[in-house]
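**Q** Give me a 3D structure for the following:
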Amino acid sequence: MYGNPRRSLRIARSAQVIALIAIGSWFSITIPFLPVPFTLQTLFVLLAGALLKRYAVLPVGLYILLGTLGLPLFHQGLAGPGVLLGPTGGYIAGFLGAAAVVGIAYEQTSPLLRGAGMTCGALLILVAGSLWLMASSPGLTLAGAFLIGFLPFLPGDILKAAAAYTIAGRLA
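**A** Numbering: from 1, shown residues only. Next up, the predicted model:
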């Protein structure tokens, strides 16, 4: 690391991103009729893409790996492979794609492309989560998964994407 401040900054930000996503998972609100809780993880995944560009996939992937191996990093301190196989697994898997999409968008200088990337990243998490929710819940149709796993989260995730865009603009 000596002599390479960019790499040092990337490593430090990666550690910060993992910590922030884990902290965001503790801010969890469970709505009685929804199988998936509201968390702040999405905000920090999107922010990771904005700050680390394409390298955001590494800390987000490491976050998922550490949670799968048993560290209590997922929502409300859950851990293990069972979380990925449960109803929230698709959202967590969608974090990787979202980090990549936002990261690639943030390698461009256009604010329009960056905003579009942020929005697409948030939507990608919701789509992956809804599809996995349908696959992991016997008898749940695509329309049902959309109504339960996509629509209720859409306003909040758009707000989180806007917040991540604003924060990234201040930090960059």
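**Q** Run through the neighbouring helices and strands of the one helix or strand residue 169 maps to.
**A** For residue 169, the element it lies in under DSSP states H and E is helix 154-171. If contacts are counted by 3 or more C-beta pairs under 8 Å, 6 or more residues apart in numbering; DSSP states H and E, helix 154-171 sits against helix 41-52, helix 111-136. The way it works is simple: take the backbone N, C-alpha and C, and place the C-beta from them, glycine included.
**Q** Let me know which of those helices is tucked in deepest.
**A** Ranked by mean neighbour count under mean count of other C-beta atoms under 10 Å, the helices and strands packed on helix 154-171 are led by helix 41-52, which reaches a mean of 28.
**Q** Can you add mean pLDDT and distance to residue 100 and give the helices and strands packed on helix 154-171 back as CSV?
**A** Formatted as CSV, the helices and strands packed on helix 154-171 follow (pLDDT from 0 to 100; distance: least, C-beta to C-beta, whole Å):
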stretch, mean pLDDT, distance to residue 100
helix 41-52, 96, 7
helix 111-136, 97, 8
